[in-house]
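In: Generate a structure from the sequence data that follows.
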Amino acid sequence: MNYQNLRLRMITLAVLIVGSVFVLVPTFVSSLPQFWQDYLPTRRVSLGLDLQGGTHIVLNVGVADALENTLDRNAEYVRRALEEGATSAEVSRSPGVIRVTVASADADTAVATLQESFPNLAVERSEDGDKAVFDLSFTLAEKDALSDLTVDQALETIRNRIDYLGVTEPVIQREGSDGILIQLPGIQDPERAKELIGRTAILELKLLPDNAEAPERYLSGEAQLPDDWEILEGVEVQVNPNTRLLERSPMKYVVESKTLMTGDTIVNAQPRPGQTALDSPFVEFDLNAQGATLFEDLTAANVNRRMAIVLDNTVYSAPVIRDRIGGGRAVIQGDFQLQEARDLAIVLRAGALPAPVFIAEERTVGPSLGQDSIDSGVLSFVVGGILVVLFMILYYRWAGLLADLAVVLNVVLLLAALALFQATLTLPGIAGIVLTIGMAVDANVLINERIREELRLGKTARAAIEAGYERALPAILDSNVTTFLAGIILFQFGSGPVKGFAVTLCVGIISTVFTAVVGTRTVYDYLLSTRRVQTLSI
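Out: Numbering: from 1, shown residues only. Model (predicted):
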(Lines give C-alpha, C1' and ligand atoms only; values in the text may rest on other atoms or scores of the structure.)
Protein backbone atom coordinates (compact mmCIF):
# COMPACT_ATOMS: atom_id res chain seq x y z
CA MET A 1 0.00 0.00 0.00
CA ASN A 2 1.22 3.50 -0.83
CA TYR A 3 1.39 5.67 2.29
CA GLN A 4 3.32 8.60 0.81
CA ASN A 5 0.44 11.05 1.31
CA LEU A 6 -0.65 9.65 4.71
CA ARG A 7 1.17 12.36 6.66
CA LEU A 8 -0.44 15.07 4.53
CA ARG A 9 -3.91 13.58 5.08
CA MET A 10 -3.38 13.36 8.82
CA ILE A 11 -2.22 16.99 9.00
CA THR A 12 -5.20 18.08 6.91
CA LEU A 13 -7.62 16.26 9.21
CA ALA A 14 -6.00 17.72 12.32
CA VAL A 15 -6.12 21.27 10.91
CA LEU A 16 -9.79 20.89 9.90
CA ILE A 17 -10.79 19.52 13.31
CA VAL A 18 -8.96 22.19 15.29
CA GLY A 19 -10.07 24.96 12.94
CA SER A 20 -13.71 23.84 13.08
CA VAL A 21 -13.67 23.84 16.88
CA PHE A 22 -12.28 27.39 16.95
CA VAL A 23 -14.88 28.56 14.40
CA LEU A 24 -17.75 27.03 16.40
CA VAL A 25 -16.73 28.39 19.82
CA PRO A 26 -18.49 31.78 19.26
CA THR A 27 -21.70 29.94 18.35
CA PHE A 28 -21.85 28.06 21.63
CA VAL A 29 -20.14 30.60 23.93
CA SER A 30 -22.12 33.79 24.39
CA SER A 31 -19.41 35.88 26.08
CA LEU A 32 -15.98 35.73 24.43
CA PRO A 33 -12.84 37.09 26.10
CA GLN A 34 -11.28 40.20 24.59
CA PHE A 35 -8.23 38.41 23.16
CA TRP A 36 -10.57 36.05 21.27
CA GLN A 37 -12.50 38.98 19.79
CA ASP A 38 -9.25 40.63 18.70
CA TYR A 39 -7.45 37.68 17.10
CA LEU A 40 -9.80 34.69 16.62
CA PRO A 41 -12.99 34.05 14.61
CA THR A 42 -16.16 35.59 16.04
CA ARG A 43 -18.72 34.65 13.38
CA ARG A 44 -21.68 32.65 14.62
CA VAL A 45 -24.19 30.33 12.99
CA SER A 46 -27.09 32.70 12.37
CA LEU A 47 -30.58 31.42 13.07
CA GLY A 48 -33.34 32.01 10.54
CA LEU A 49 -36.73 33.59 11.05
CA ASP A 50 -38.40 30.28 11.90
CA LEU A 51 -35.89 29.57 14.69
CA GLN A 52 -35.39 32.90 16.48
CA GLY A 53 -38.62 34.66 15.54
CA GLY A 54 -38.99 37.90 13.63
CA THR A 55 -41.03 39.60 10.93
CA HIS A 56 -42.03 38.24 7.51
CA ILE A 57 -43.30 40.78 4.95
CA VAL A 58 -44.11 40.52 1.26
CA LEU A 59 -44.35 43.89 -0.51
CA ASN A 60 -45.86 44.72 -3.86
CA VAL A 61 -44.16 47.62 -5.65
CA GLY A 62 -46.49 50.15 -7.28
CA VAL A 63 -44.96 49.75 -10.72
CA ALA A 64 -47.95 51.44 -12.40
CA ASP A 65 -47.45 54.54 -10.24
CA ALA A 66 -43.76 54.61 -11.15
CA LEU A 67 -44.60 54.46 -14.85
CA GLU A 68 -47.07 57.33 -14.47
CA ASN A 69 -44.51 59.38 -12.55
CA THR A 70 -41.95 58.75 -15.28
CA LEU A 71 -44.46 59.87 -17.89
CA ASP A 72 -45.07 63.03 -15.87
CA ARG A 73 -41.38 63.85 -16.00
CA ASN A 74 -41.21 63.00 -19.69
CA ALA A 75 -44.15 65.34 -20.37
CA GLU A 76 -42.08 68.25 -19.05
CA TYR A 77 -39.10 67.13 -21.13
CA VAL A 78 -41.32 66.91 -24.23
CA ARG A 79 -42.57 70.44 -23.66
CA ARG A 80 -39.03 71.79 -23.35
CA ALA A 81 -37.77 69.88 -26.41
CA LEU A 82 -40.58 71.27 -28.57
CA GLU A 83 -40.01 74.81 -27.28
CA GLU A 84 -36.29 74.55 -28.10
CA GLY A 85 -37.28 73.42 -31.59
CA ALA A 86 -39.42 76.55 -31.98
CA THR A 87 -42.61 74.48 -32.17
CA SER A 88 -45.68 75.86 -30.44
CA ALA A 89 -47.36 72.88 -28.79
CA GLU A 90 -49.94 72.06 -26.14
CA VAL A 91 -48.82 69.17 -23.92
CA SER A 92 -51.30 67.38 -21.66
CA ARG A 93 -51.41 64.15 -19.68
CA SER A 94 -53.88 61.32 -19.38
CA PRO A 95 -53.30 57.87 -17.85
CA GLY A 96 -50.55 56.11 -19.79
CA VAL A 97 -50.33 58.80 -22.48
CA ILE A 98 -48.67 62.15 -23.17
CA ARG A 99 -50.79 64.09 -25.65
CA VAL A 100 -49.12 66.71 -27.84
CA THR A 101 -51.25 69.03 -30.00
CA VAL A 102 -49.57 71.20 -32.66
CA ALA A 103 -50.62 73.06 -35.76
CA SER A 104 -50.69 70.81 -38.82
CA ALA A 105 -47.99 72.96 -40.43
CA ASP A 106 -45.62 72.13 -37.58
CA ALA A 107 -46.46 68.41 -37.52
CA ASP A 108 -43.41 67.20 -39.43
CA THR A 109 -41.02 69.25 -37.30
CA ALA A 110 -42.69 67.97 -34.13
CA VAL A 111 -42.44 64.35 -35.30
CA ALA A 112 -38.74 64.74 -36.06
CA THR A 113 -38.09 66.27 -32.64
CA LEU A 114 -40.05 63.60 -30.79
CA GLN A 115 -38.46 60.67 -32.62
CA GLU A 116 -34.95 62.05 -32.17
CA SER A 117 -35.26 63.05 -28.52
CA PHE A 118 -37.58 60.30 -27.22
CA PRO A 119 -36.84 56.97 -28.95
CA ASN A 120 -38.30 55.12 -25.95
CA LEU A 121 -41.77 56.55 -26.63
CA ALA A 122 -44.15 55.20 -29.26
CA VAL A 123 -45.80 57.99 -31.28
CA GLU A 124 -49.35 57.63 -32.61
CA ARG A 125 -50.65 60.44 -34.86
CA SER A 126 -54.20 61.60 -35.49
CA GLU A 127 -55.82 64.70 -36.96
CA ASP A 128 -58.20 67.13 -35.28
CA GLY A 129 -59.25 69.75 -37.82
CA ASP A 130 -56.28 71.99 -38.53
CA LYS A 131 -54.26 70.47 -35.74
CA ALA A 132 -52.16 67.34 -35.46
CA VAL A 133 -52.43 65.24 -32.28
CA PHE A 134 -49.66 62.92 -31.13
CA ASP A 135 -50.20 60.36 -28.37
CA LEU A 136 -46.91 59.29 -26.79
CA SER A 137 -46.69 56.14 -24.68
CA PHE A 138 -43.99 53.73 -23.57
CA THR A 139 -43.16 50.88 -25.88
CA LEU A 140 -43.73 47.40 -24.45
CA ALA A 141 -39.99 46.77 -24.14
CA GLU A 142 -39.47 50.12 -22.40
CA LYS A 143 -42.35 49.45 -20.04
CA ASP A 144 -40.88 46.06 -19.05
CA ALA A 145 -37.43 47.58 -18.59
CA LEU A 146 -38.76 50.40 -16.41
CA SER A 147 -40.80 47.95 -14.34
CA ASP A 148 -37.74 45.78 -13.66
CA LEU A 149 -35.64 48.85 -12.88
CA THR A 150 -38.28 50.17 -10.46
CA VAL A 151 -38.44 46.90 -8.50
CA ASP A 152 -34.62 46.62 -8.44
CA GLN A 153 -34.28 50.21 -7.18
CA ALA A 154 -36.92 49.60 -4.51
CA LEU A 155 -35.11 46.40 -3.49
CA GLU A 156 -31.79 48.23 -3.14
CA THR A 157 -33.33 51.13 -1.22
CA ILE A 158 -35.09 48.77 1.20
CA ARG A 159 -31.86 46.80 1.66
CA ASN A 160 -30.02 50.02 2.56
CA ARG A 161 -32.71 50.97 5.08
CA ILE A 162 -32.61 47.55 6.70
CA ASP A 163 -28.80 47.73 6.89
CA TYR A 164 -29.18 50.95 8.89
CA LEU A 165 -31.78 49.19 11.06
CA GLY A 166 -29.06 46.72 12.09
CA VAL A 167 -30.80 43.40 11.37
CA THR A 168 -28.56 40.31 11.36
CA GLU A 169 -28.88 38.08 8.29
CA PRO A 170 -32.04 39.57 6.75
CA VAL A 171 -33.57 37.93 3.68
CA ILE A 172 -34.38 40.53 1.00
CA GLN A 173 -35.14 39.22 -2.47
CA ARG A 174 -37.48 39.63 -5.42
CA GLU A 175 -40.60 37.54 -5.52
CA GLY A 176 -42.45 37.40 -8.83
CA SER A 177 -42.52 40.33 -11.22
CA ASP A 178 -43.29 43.13 -8.75
CA GLY A 179 -42.91 41.59 -5.28
CA ILE A 180 -40.20 41.84 -2.63
CA LEU A 181 -39.81 39.24 0.13
CA ILE A 182 -38.42 40.55 3.42
CA GLN A 183 -37.58 38.42 6.45
CA LEU A 184 -36.15 40.17 9.50
CA PRO A 185 -34.95 37.64 12.11
CA GLY A 186 -35.09 38.93 15.66
CA ILE A 187 -37.31 41.94 14.87
CA GLN A 188 -40.32 41.82 17.20
CA ASP A 189 -41.61 45.34 16.41
CA PRO A 190 -43.17 44.90 12.97
CA GLU A 191 -44.91 48.29 13.02
CA ARG A 192 -41.63 50.19 13.19
CA ALA A 193 -40.10 47.92 10.55
CA LYS A 194 -43.05 48.50 8.19
CA GLU A 195 -42.97 52.25 8.76
CA LEU A 196 -39.25 52.38 8.05
CA ILE A 197 -39.35 50.12 5.00
CA GLY A 198 -42.48 51.47 3.37
CA ARG A 199 -41.92 55.21 3.63
CA THR A 200 -41.60 56.74 0.19
CA ALA A 201 -39.45 59.51 1.71
CA ILE A 202 -39.76 62.06 -1.09
CA LEU A 203 -38.27 65.30 0.26
CA GLU A 204 -39.32 68.48 -1.54
CA LEU A 205 -38.68 72.18 -0.98
CA LYS A 206 -41.56 74.48 -1.96
CA LEU A 207 -42.27 78.16 -1.44
CA LEU A 208 -45.30 79.57 0.36
CA PRO A 209 -47.04 82.34 -1.67
CA ASP A 210 -46.83 85.75 -0.03
CA ASN A 211 -50.39 86.80 -0.83
CA ALA A 212 -52.20 83.58 0.05
CA GLU A 213 -55.48 83.57 1.93
CA ALA A 214 -56.10 81.31 4.90
CA PRO A 215 -56.37 77.65 3.75
CA GLU A 216 -59.88 77.40 5.18
CA ARG A 217 -61.14 80.07 2.75
CA TYR A 218 -59.99 77.99 -0.23
CA LEU A 219 -61.40 74.79 1.22
CA SER A 220 -64.79 76.40 1.90
CA GLY A 221 -64.98 77.92 -1.57
CA GLU A 222 -64.82 81.54 -0.40
CA ALA A 223 -61.65 82.02 -2.43
CA GLN A 224 -60.43 80.44 -5.65
CA LEU A 225 -57.23 78.39 -5.33
CA PRO A 226 -54.89 79.17 -8.26
CA ASP A 227 -53.94 76.24 -10.48
CA ASP A 228 -50.26 76.44 -9.50
CA TRP A 229 -50.98 76.32 -5.75
CA GLU A 230 -51.95 73.42 -3.51
CA ILE A 231 -52.97 72.78 0.09
CA LEU A 232 -50.91 70.32 2.14
CA GLU A 233 -51.31 68.86 5.61
CA GLY A 234 -48.69 69.75 8.18
CA VAL A 235 -47.96 70.47 11.81
CA GLU A 236 -47.33 73.63 13.77
CA VAL A 237 -45.11 73.54 16.83
CA GLN A 238 -45.58 76.17 19.53
CA VAL A 239 -44.59 76.63 23.17
CA ASN A 240 -47.54 76.42 25.57
CA PRO A 241 -47.37 79.61 27.65
CA ASN A 242 -48.72 77.78 30.70
CA THR A 243 -46.68 74.58 30.72
CA ARG A 244 -43.68 75.94 28.75
CA LEU A 245 -43.69 72.67 26.79
CA LEU A 246 -43.70 72.18 23.04
CA GLU A 247 -47.07 71.24 21.61
CA ARG A 248 -47.83 69.94 18.11
CA SER A 249 -51.08 70.85 16.42
CA PRO A 250 -52.30 69.92 12.92
CA MET A 251 -52.25 72.71 10.39
CA LYS A 252 -52.84 73.22 6.68
CA TYR A 253 -50.42 75.08 4.44
CA VAL A 254 -50.93 76.79 1.09
CA VAL A 255 -47.82 76.17 -1.00
CA GLU A 256 -46.79 76.64 -4.59
CA SER A 257 -47.09 73.39 -6.56
CA LYS A 258 -43.70 73.81 -8.20
CA THR A 259 -40.96 71.81 -6.50
CA LEU A 260 -37.79 73.88 -6.30
CA MET A 261 -35.57 71.09 -5.05
CA THR A 262 -35.82 67.40 -4.11
CA GLY A 263 -33.93 65.20 -1.68
CA ASP A 264 -32.02 63.19 -4.28
CA THR A 265 -28.91 65.28 -3.59
CA ILE A 266 -28.79 64.32 0.11
CA VAL A 267 -25.58 62.49 0.99
CA ASN A 268 -25.98 62.23 4.77
CA ALA A 269 -28.58 62.78 7.47
CA GLN A 270 -28.25 62.56 11.24
CA PRO A 271 -30.67 63.01 14.17
CA ARG A 272 -29.66 65.78 16.55
CA PRO A 273 -30.88 66.51 20.10
CA GLY A 274 -32.52 69.85 20.84
CA GLN A 275 -30.35 72.73 22.01
CA THR A 276 -32.30 73.10 25.25
CA ALA A 277 -34.67 70.98 27.31
CA LEU A 278 -37.61 72.69 25.59
CA ASP A 279 -36.32 71.94 22.10
CA SER A 280 -37.27 68.68 20.40
CA PRO A 281 -34.80 66.61 18.36
CA PHE A 282 -34.34 67.54 14.73
CA VAL A 283 -32.76 66.06 11.60
CA GLU A 284 -29.72 67.66 10.02
CA PHE A 285 -28.87 66.74 6.43
CA ASP A 286 -25.92 67.41 4.13
CA LEU A 287 -26.10 67.94 0.37
CA ASN A 288 -23.63 67.02 -2.35
CA ALA A 289 -21.82 69.74 -4.32
CA GLN A 290 -24.60 70.09 -6.89
CA GLY A 291 -27.29 70.21 -4.20
CA ALA A 292 -25.32 72.69 -2.09
CA THR A 293 -25.01 75.09 -5.02
CA LEU A 294 -28.68 74.74 -5.91
CA PHE A 295 -29.76 75.26 -2.28
CA GLU A 296 -27.56 78.34 -1.94
CA ASP A 297 -28.97 79.87 -5.14
CA LEU A 298 -32.50 78.99 -4.05
CA THR A 299 -32.19 80.67 -0.66
CA ALA A 300 -30.40 83.71 -2.12
CA ALA A 301 -33.24 84.32 -4.59
CA ASN A 302 -35.99 84.03 -1.96
CA VAL A 303 -34.75 85.95 1.07
CA ASN A 304 -37.58 86.88 3.51
CA ARG A 305 -39.92 84.30 1.98
CA ARG A 306 -41.18 81.17 3.74
CA MET A 307 -40.00 77.82 2.40
CA ALA A 308 -41.89 74.61 3.19
CA ILE A 309 -39.89 71.45 3.87
CA VAL A 310 -42.22 68.72 2.58
CA LEU A 311 -41.73 65.00 3.21
CA ASP A 312 -44.23 62.60 1.62
CA ASN A 313 -46.69 65.48 1.03
CA THR A 314 -46.58 66.55 4.68
CA VAL A 315 -45.15 69.93 5.66
CA TYR A 316 -42.75 69.42 8.56
CA SER A 317 -41.66 73.02 8.87
CA ALA A 318 -41.98 76.32 6.99
CA PRO A 319 -39.16 78.62 8.13
CA VAL A 320 -38.50 82.12 6.83
CA ILE A 321 -35.36 82.40 4.70
CA ARG A 322 -33.41 85.13 6.48
CA ASP A 323 -30.28 85.01 4.33
CA ARG A 324 -28.38 83.03 1.74
CA ILE A 325 -27.62 79.55 3.16
CA GLY A 326 -24.30 78.14 2.00
CA GLY A 327 -22.29 75.08 2.97
CA GLY A 328 -24.86 72.51 1.84
CA ARG A 329 -26.34 71.87 5.29
CA ALA A 330 -29.93 72.29 6.48
CA VAL A 331 -32.28 70.97 9.14
CA ILE A 332 -35.80 69.53 9.35
CA GLN A 333 -37.73 70.38 12.52
CA GLY A 334 -41.11 68.98 13.46
CA ASP A 335 -41.38 68.25 17.17
CA PHE A 336 -39.89 64.79 16.64
CA GLN A 337 -39.42 62.13 19.25
CA LEU A 338 -35.83 60.88 19.20
CA GLN A 339 -36.85 57.56 17.57
CA GLU A 340 -38.83 59.45 14.89
CA ALA A 341 -35.80 61.62 14.14
CA ARG A 342 -33.59 58.54 13.86
CA ASP A 343 -35.99 56.78 11.48
CA LEU A 344 -36.34 59.89 9.31
CA ALA A 345 -32.56 60.20 9.11
CA ILE A 346 -32.35 56.55 8.03
CA VAL A 347 -34.80 56.90 5.14
CA LEU A 348 -33.16 60.14 3.99
CA ARG A 349 -29.71 58.51 3.96
CA ALA A 350 -30.97 55.41 2.15
CA GLY A 351 -32.83 57.45 -0.47
CA ALA A 352 -36.42 57.64 -1.62
CA LEU A 353 -38.34 54.67 -2.95
CA PRO A 354 -38.96 54.98 -6.70
CA ALA A 355 -42.61 53.97 -6.20
CA PRO A 356 -44.97 53.33 -3.29
CA VAL A 357 -45.01 49.83 -1.84
CA PHE A 358 -48.00 47.93 -0.49
CA ILE A 359 -48.02 45.11 2.03
CA ALA A 360 -49.36 41.95 0.40
CA GLU A 361 -48.52 39.54 3.22
CA GLU A 362 -47.36 39.97 6.78
CA ARG A 363 -46.75 37.72 9.74
CA THR A 364 -44.72 37.81 12.92
CA VAL A 365 -43.03 34.74 14.37
CA GLY A 366 -42.72 35.05 18.14
CA PRO A 367 -39.56 34.00 19.97
CA SER A 368 -41.46 31.28 21.86
CA LEU A 369 -42.55 29.65 18.61
CA GLY A 370 -38.99 29.94 17.35
CA GLN A 371 -37.70 28.26 20.52
CA ASP A 372 -40.24 25.45 20.10
CA SER A 373 -38.89 24.93 16.57
CA ILE A 374 -35.32 24.83 17.88
CA ASP A 375 -36.27 22.32 20.57
CA SER A 376 -38.10 20.11 18.06
CA GLY A 377 -35.22 20.29 15.60
CA VAL A 378 -32.59 19.52 18.24
CA LEU A 379 -34.70 16.64 19.58
CA SER A 380 -35.03 15.09 16.13
CA PHE A 381 -31.31 15.58 15.56
CA VAL A 382 -30.34 13.96 18.91
CA VAL A 383 -32.78 11.04 18.62
CA GLY A 384 -31.80 10.30 15.04
CA GLY A 385 -28.11 10.60 15.88
CA ILE A 386 -28.33 8.23 18.86
CA LEU A 387 -30.21 5.60 16.86
CA VAL A 388 -27.65 5.79 14.06
CA VAL A 389 -24.71 5.53 16.47
CA LEU A 390 -26.16 2.51 18.27
CA PHE A 391 -27.04 0.72 15.03
CA MET A 392 -23.57 1.19 13.55
CA ILE A 393 -21.81 -0.01 16.71
CA LEU A 394 -24.06 -3.04 17.15
CA TYR A 395 -23.93 -4.05 13.50
CA TYR A 396 -20.32 -3.21 12.54
CA ARG A 397 -18.61 -3.17 15.96
CA TRP A 398 -15.23 -1.37 15.83
CA ALA A 399 -15.72 -0.33 12.19
CA GLY A 400 -19.14 1.02 13.17
CA LEU A 401 -17.57 3.13 15.94
CA LEU A 402 -15.13 4.58 13.40
CA ALA A 403 -18.06 5.36 11.09
CA ASP A 404 -19.84 7.11 13.97
CA LEU A 405 -16.78 9.27 14.61
CA ALA A 406 -16.76 10.16 10.91
CA VAL A 407 -20.44 11.20 11.14
CA VAL A 408 -19.69 13.40 14.18
CA LEU A 409 -16.79 15.01 12.32
CA ASN A 410 -19.10 15.49 9.35
CA VAL A 411 -21.60 17.46 11.46
CA VAL A 412 -18.81 19.55 13.03
CA LEU A 413 -17.40 20.45 9.62
CA LEU A 414 -20.88 21.29 8.33
CA LEU A 415 -21.69 23.64 11.22
CA ALA A 416 -18.26 25.25 10.98
CA ALA A 417 -18.81 25.92 7.28
CA LEU A 418 -22.20 27.52 8.04
CA ALA A 419 -20.58 29.77 10.66
CA LEU A 420 -17.57 30.63 8.51
CA PHE A 421 -19.66 31.72 5.52
CA GLN A 422 -22.34 33.32 7.74
CA ALA A 423 -25.09 31.13 6.29
CA THR A 424 -28.47 31.21 8.02
CA LEU A 425 -29.64 28.02 9.72
CA THR A 426 -33.37 27.48 9.32
CA LEU A 427 -35.73 24.68 10.31
CA PRO A 428 -35.48 23.16 6.79
CA GLY A 429 -31.71 23.52 7.23
CA ILE A 430 -31.88 21.28 10.30
CA ALA A 431 -33.78 18.79 8.15
CA GLY A 432 -30.92 19.00 5.67
CA ILE A 433 -28.42 18.20 8.45
CA VAL A 434 -30.45 15.16 9.51
CA LEU A 435 -30.55 14.00 5.87
CA THR A 436 -26.80 14.55 5.66
CA ILE A 437 -26.29 12.23 8.64
CA GLY A 438 -28.32 9.56 6.87
CA MET A 439 -26.27 9.93 3.68
CA ALA A 440 -23.01 9.85 5.66
CA VAL A 441 -24.08 6.59 7.28
CA ASP A 442 -25.06 5.22 3.88
CA ALA A 443 -21.56 5.92 2.53
CA ASN A 444 -19.96 4.16 5.49
CA VAL A 445 -22.35 1.22 5.12
CA LEU A 446 -21.30 0.80 1.49
CA ILE A 447 -17.62 0.81 2.46
CA ASN A 448 -18.08 -1.60 5.37
CA GLU A 449 -20.16 -4.04 3.31
CA ARG A 450 -17.54 -4.06 0.57
CA ILE A 451 -14.82 -4.73 3.15
CA ARG A 452 -16.91 -7.58 4.61
CA GLU A 453 -17.25 -9.16 1.17
CA GLU A 454 -13.50 -9.02 0.65
CA LEU A 455 -12.86 -10.58 4.06
CA ARG A 456 -15.26 -13.43 3.27
CA LEU A 457 -13.15 -14.13 0.20
CA GLY A 458 -10.19 -14.72 2.51
CA LYS A 459 -8.24 -11.52 1.88
CA THR A 460 -6.07 -9.90 4.53
CA ALA A 461 -7.24 -6.84 6.41
CA ARG A 462 -5.03 -4.55 4.31
CA ALA A 463 -6.20 -6.02 0.99
CA ALA A 464 -9.85 -6.00 2.11
CA ILE A 465 -9.68 -2.32 3.10
CA GLU A 466 -8.03 -1.30 -0.17
CA ALA A 467 -10.53 -3.26 -2.27
CA GLY A 468 -13.49 -2.12 -0.16
CA TYR A 469 -12.78 1.58 -0.65
CA GLU A 470 -11.91 1.14 -4.31
CA ARG A 471 -15.16 -0.67 -5.13
CA ALA A 472 -17.44 1.46 -2.92
CA LEU A 473 -16.13 4.80 -4.22
CA PRO A 474 -18.01 4.83 -7.60
CA ALA A 475 -21.36 4.14 -5.91
CA ILE A 476 -20.70 6.81 -3.22
CA LEU A 477 -19.76 9.42 -5.83
CA ASP A 478 -22.72 8.62 -8.06
CA SER A 479 -25.32 8.97 -5.31
CA ASN A 480 -23.76 12.06 -3.74
CA VAL A 481 -23.06 13.92 -6.98
CA THR A 482 -26.64 13.48 -8.20
CA THR A 483 -27.97 14.65 -4.83
CA PHE A 484 -25.56 17.61 -4.89
CA LEU A 485 -26.83 18.65 -8.33
CA ALA A 486 -30.41 18.44 -7.06
CA GLY A 487 -29.39 20.69 -4.15
CA ILE A 488 -27.88 23.23 -6.58
CA ILE A 489 -31.16 23.32 -8.53
CA LEU A 490 -33.14 23.79 -5.30
CA PHE A 491 -30.87 26.66 -4.28
CA GLN A 492 -31.09 28.33 -7.69
CA PHE A 493 -34.84 28.21 -8.11
CA GLY A 494 -36.20 27.74 -4.57
CA SER A 495 -37.51 30.31 -2.11
CA GLY A 496 -36.03 31.17 1.31
CA PRO A 497 -36.81 27.96 3.30
CA VAL A 498 -35.96 25.74 0.32
CA LYS A 499 -32.63 27.55 -0.09
CA GLY A 500 -31.86 26.95 3.59
CA PHE A 501 -32.38 23.23 3.07
CA ALA A 502 -30.32 23.28 -0.14
CA VAL A 503 -27.36 25.04 1.51
CA THR A 504 -27.02 22.55 4.35
CA LEU A 505 -27.59 19.65 1.95
CA CYS A 506 -24.86 20.72 -0.50
CA VAL A 507 -22.31 21.59 2.20
CA GLY A 508 -23.20 18.37 4.02
CA ILE A 509 -22.61 16.26 0.92
CA ILE A 510 -19.11 17.69 0.48
CA SER A 511 -18.23 17.02 4.11
CA THR A 512 -19.86 13.56 3.90
CA VAL A 513 -17.71 12.41 1.00
CA PHE A 514 -14.59 13.83 2.66
CA THR A 515 -15.14 12.23 6.07
CA ALA A 516 -16.37 8.89 4.74
CA VAL A 517 -13.76 8.41 2.01
CA VAL A 518 -10.77 10.41 3.24
CA GLY A 519 -11.29 10.55 7.01
CA THR A 520 -11.95 6.90 7.80
CA ARG A 521 -9.43 5.73 5.20
CA THR A 522 -6.76 7.87 6.86
CA VAL A 523 -7.46 6.19 10.23
CA TYR A 524 -7.29 2.70 8.65
CA ASP A 525 -4.06 3.54 6.81
CA TYR A 526 -2.46 4.91 9.97
CA LEU A 527 -3.33 1.76 11.96
CA LEU A 528 -2.10 -0.48 9.15
CA SER A 529 1.15 1.48 8.83
CA THR A 530 1.88 0.94 12.51
CA ARG A 531 0.88 -2.74 12.21
CA ARG A 532 -1.70 -2.32 14.98
CA VAL A 533 -4.41 -3.91 12.87
CA GLN A 534 -4.03 -7.48 11.74
CA THR A 535 -7.72 -8.42 11.78
CA LEU A 536 -10.86 -6.28 11.45
CA SER A 537 -13.79 -6.19 13.88
CA ILE A 538 -16.54 -5.64 11.36
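In: OK, contacts around Ser177?
Out: With contacts defined as Cβ atoms under 8 Å, 6 or more residues apart in numbering, the neighbours of Ser177 are 147, 151. Backbone N, C-alpha and C define where each C-beta goes, glycine included.
In: and it, that one's in a helix?
Out: No - Ser177 sits outside any helix when classified using DSSP: H, G, I helix; E, B strand; the rest coil, being coil.
In: Give me the pLDDT for it.
Out: Confidence at Ser177, expressed as pLDDT, is 83.
In: Touching, Arg174 and Leu155? I think so.
Out: Yes - because the distance of 6.3 Å satisfies Cβ atoms under 8 Å, Arg174 is recorded as touching Leu155.
In: tell me the average confidence for stretch 365-382?
Out: For stretch 365-382, the mean pLDDT works out to 69.
In: no no, stretch 131-142
Out: 87.
In: how close does Asp50 get to Val498?
Out: Asp50 sits at a distance of 13 Å from Val498 (criterion: Cβ to Cβ, to the nearest Å).
In: of these two, who's got more company?
Out: Applying other Cβ atoms under 10 Å to Asp50 and Val498 shows that Asp50 carries more neighbours, namely 25 against 14.
In: quick one: the helices in the stretch 51-200 of the chain?
Out: Under the criterion DSSP state H, counting those that start in this stretch, the stretch 51-200 of the chain carries helices at the ranges 63-84, 107-117, 140-165, 190-198.
In: Pull the residues that contact stretch 509-522.
Out: By Cβ under 8 Å, 6+ apart, stretch 509-522 touches 6, 9-10, 13, 402-403, 406-407, 409-410, 413-414, 417, 436, 439-440, 443-444, 447, 465, 469, 473, 476-477, 480, 483-484, 487.
In: So, low pLDDT: which residues of the stretch 151-300 of the chain?
Out: Within the stretch 151-300 of the chain, the set of residues satisfying pLDDT under 70 comprises 164-169, 188-189, 199-201, 236-248, 274-280.
In: is it true that Trp398 touches Ile538?
Out: Yes - under the criterion of Cβ under 8 Å, Trp398 is in contact with Ile538, at a separation of 7.0 Å.
In: neighbour-wise, which of these two wins?
Out: A count of neighbours by other Cβ under 10 Å puts Ile538 above the other of Trp398 and Ile538, at 19 against 12.
In: Not counting sequence-adjacent ones, nearest residue to that one?
Out: Closest residue to Ile538 in three dimensions, ignoring its sequence neighbours and counting by Cβ to Cβ, 6 or more residues apart in numbering: Ala399, at 4.0 Å.
In: Quick check: the one you found touching Leu455?
Out: No - taking contact to mean Cβ under 8 Å, the distance of 10.7 Å between Ala399 and Leu455 leaves them out of contact.
In: the more surrounded of the two?
Out: Neighbours per residue, other Cβ under 10 Å: of Ala399 and Leu455, the larger number sits with Ala399, 23 against 19.
In: Buried ones among the contacts of stretch 509-522?
Out: When the contacts of stretch 509-522 are checked for burial by 16 or more other Cβ atoms under 10 Å, the buried set is 6, 9, 13, 402-403, 406-407, 409-410, 413-414, 417, 436, 439-440, 443-444, 447, 465, 469, 473, 476, 480, 483-484, 487.
In: which residues does Ile180 contact?
Out: For Ile180, the contact set (Cβ under 8 Å, 6+ apart) comprises 58-59, 61, 151, 154-155, 158, 172-174, 357.
In: can you redo the residues you listed as a markdown table with neighbour count and distance to Ile430?
Out: What follows is the contacts of Ile180, written out as a markdown table (neighbours: other Cβ atoms under 10 Å; distance: Cβ to Cβ, whole Å):
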| residue | neighbour count | distance to Ile430 |
| --- | --- | --- |
| Val58 | 17 | 24 |
| Leu59 | 26 | 28 |
| Val61 | 26 | 33 |
| Val151 | 25 | 32 |
| Ala154 | 24 | 33 |
| Leu155 | 18 | 29 |
| Ile158 | 23 | 29 |
| Ile172 | 18 | 23 |
| Gln173 | 15 | 22 |
| Arg174 | 15 | 26 |
| Val357 | 25 | 32 |
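In: Farthest pair within the residues you listed?
Out: Greatest spatial distance among the contacts of Ile180 (Cβ to Cβ): Gln173 and Val357, at 14.6 Å.
In: Pick the one among the contacts of Ile180 closest to Asp128.
Out: For Asp128, the nearest member of these is Val61. The distance, counting by Cβ to Cβ, is 37.1 Å.
In: That concludes my questions; thank you for your assistance.
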